[in-house]
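**Student:** please find the sequence and the predicted model below.
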Amino acid sequence: MTATAHTTFARLENATRRFGETVALDDVSLTIGGGELVGLLGPNGAGKSTLLSLLQGRRRPSSGTVELFGGSPTDPRRRARLGSTPQETALPDTLRVSEVVDLVAAHFPDRVPTDALADEFGFSDLLRRQCGALSGGQKRRIAVALAFVGRPQLVLLDEPTTGLDVDARHGLWQGIRRHHAEGTTIVVTSHYLEEIEALAERVIVIDNGVVLADDTLAAVRDRVDSAVIELATDRPDAVRALPGVVRSEVGGERIRLTVDDADAFVRSLVRAEVPFSGLTVRGASLEEAFLALTLTDRSAA
Ligand SMILES: Nc1ncnc2c1ncn2[C@@H]1O[C@H](COP(=O)(O)OP(=O)(O)OP(=O)(O)O)[C@@H](O)[C@H]1O
C-alpha cells in the first residue's frame with residue numbers, strides 16, 4: 001500500500017445531519033488523507049459518533065456530501081476497505097476468541113493471521129477462551145483488534161479504550177501505532193485527552209456539531225495559546241475577575257487559572273495590587289486548551 005497524505009480517503013463537504021430538532025453535525029467540511037492518524041476530540045454529544053456513522057455509510061447526511069474512497073460510503077466494495085470497531089456486546093458468547101477472529105477475517109480478501117493479531121494487541125492468552133467468559137476490558141481489546149484484521153486502508157475507532165485500565169490502554173495504543181506505522185490511516189475519537197495527545201498527529205476539535213479546530217496537535221495548542229497559572233491568595237474573587245481568565249478553580253488557598261495570555265495576566269495582577277505568592281506558569285495541556293476552546297466558543301455564541 002502506498003498511501004500518502006495527498007490521497008483523499010474520506011471527505012465531508014458541508015455535511016449536516018439532523019435527528020428531529022437536534023443538529024448533530026452542522027455544515028462540516030473536512031478531508032482525511034491517506035497515511036494520517038487523526039484524533040477527533042469533543043465532549044459528550046459533540047457529534048463524533050455521528051460523523052463516523054456517516055463515513056461508515058450507516059447513516060446519510062441530511063444535506064451536504066460524504067465520500068469514502070472517492071464514492072458513496074454505502075457501496076459495499078468501499079466499505080470492505082474500511083475497518084471499524086464493533087460493539088463488544090456483538091461478540092457471540094459461545095464462540096472462542098480465535099473463531100470470532102476467523103469469522104470476521106472471512107469477510108476480507110487479505111487478512112492478518114490470528115496469532116499475529118493477538119500478539120500485536122496483547123490477547124494471545126485469550127484465543128481459546130469463549131467470548132462469553134471475557135471481561136469487559138478483554139472484549140474491548142479484541143473488538144479494537146478486529147477493526148484491523150482485514151488489513152483495511154482506513155480504520156475508524158470510536159472511543160477505543162473506554163473502560164480499560166492503564167496497562168491495557170497502553171497495549172492498545174501500541175497496536176494502533178504499529179498499524180499506522182505500516183501505512184493504515186486511522187481516525188480515533190476519545191474522551192481521554194491523554195489518548196489523543198499520545199496518538200494523533202492532527203486533531204479535530206468538535207462541539208455542538210461544529211468543527212472548532214482542525215490542525216496539528218501543536219497548532220491546536222498554539223491556537224488557544226492558553227497558559228495555566230497557579231498562585232496563593234486570600235482574594236480569589238478579585239483574581240478571577242481579572243481580564244483574560246478563561247477558567248478558574250479554587251483549592252484551599254491556591255487558585256488555578258487558565259488564561260489566554262500569561263504575560264498580560266501577570267501584568268494586570270500586579271497592577272490590581274492583589275496580594276499573592278507562589279506564582280507558577282506553565283503551558284496548557286491539550287485538555288485545558290480544549291476546555292478553553294469550547295468555553296470560548298460557547299461564550300461567543
Ligand atoms: N439516533 C439518534 N436519534 C436522536 N438523536 C441522536 C441520535 N444519534 C445522536 N443523536 C444526538 O446527536 C448529537 C450528537 O451525538 P453523537 O453521538 O454523535 O455525539 P458524540 O460526540 O459521539 O457523543 P459521545 O461522546 O457521548 O458518544 C447528540 O445531541 C445526540 O443526542
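**Tutor:** Arrived safely, thanks for sending.
**Student:** report the beta-bridge partners for residue 257.
**Tutor:** residue 229, residue 248 (DSSP bridges).
**Student:** so it makes contact with residue 265?
**Tutor:** Yes - when contacts are counted by Cβ atoms under 8 Å, residue 257 is listed as touching residue 265 (7.4 Å). Quick note: C-beta positions are derived from backbone N, CA and C, even for glycine.
**Student:** who's more crowded, these two?
**Tutor:** Between residue 257 and residue 265, counted using other Cβ atoms under 10 Å, the more crowded position is residue 257 (25 against 20).
**Student:** distance of that one relative to the ligand?
**Tutor:** According to Cβ to the nearest ligand atom, to the nearest Å, residue 257 stands 27 Å off from the ligand.
**Student:** before we move on, what about residue 15?
**Tutor:** Counting by Cβ to the nearest ligand atom, the gap from residue 15 to the ligand is 12 Å.
**Student:** next one: residue 180
**Tutor:** Taking Cβ to the nearest ligand atom, one finds residue 180 at 22 Å from the ligand.
**Student:** so that residue belongs to a helix, correct?
**Tutor:** Yes - counting by DSSP: H, G, I helix; E, B strand; the rest coil, residue 180 is found in a helix.
**Student:** neighbours of it, how many?
**Tutor:** Residue 180: 19 neighbours (other Cβ under 10 Å).
**Student:** residue 36 versus that one, what's the distance?
**Tutor:** 9 Å (Cβ to Cβ, to the nearest Å).
**Student:** would you agree residue 168 falls within a strand?
**Tutor:** No - Residue 168: not assigned to a strand; according to three-state DSSP it is helix.
**Student:** how about it: what's its closest non-neighbour residue?
**Tutor:** residue 137 (5.4 Å; Cβ to Cβ, 6 or more residues apart in numbering).
**Student:** follow-up on the earlier one: any shared contact partners between residue 257 and residue 265?
**Tutor:** Listed as contacting both residue 257 and residue 265 by Cβ atoms under 8 Å, 6 or more residues apart in numbering are 229, 245.
**Student:** could you list the contact residues of this structure toward the ligand?
**Tutor:** With Cβ under 6 Å from any ligand atom as the criterion, the chain meets the ligand at residues 19, 22, 24, 42, 44, 45, 46, 47, 48, 49, 50.
**Student:** what do you get if the cut-off is 8 Å, keeping everything else the same?
**Tutor:** Those residues of the chain that sit near the ligand, judged by Cβ under 8 Å from any ligand atom, are 17, 19-20, 22-25, 42-53, 158-159, 189, 191, 206, 209.
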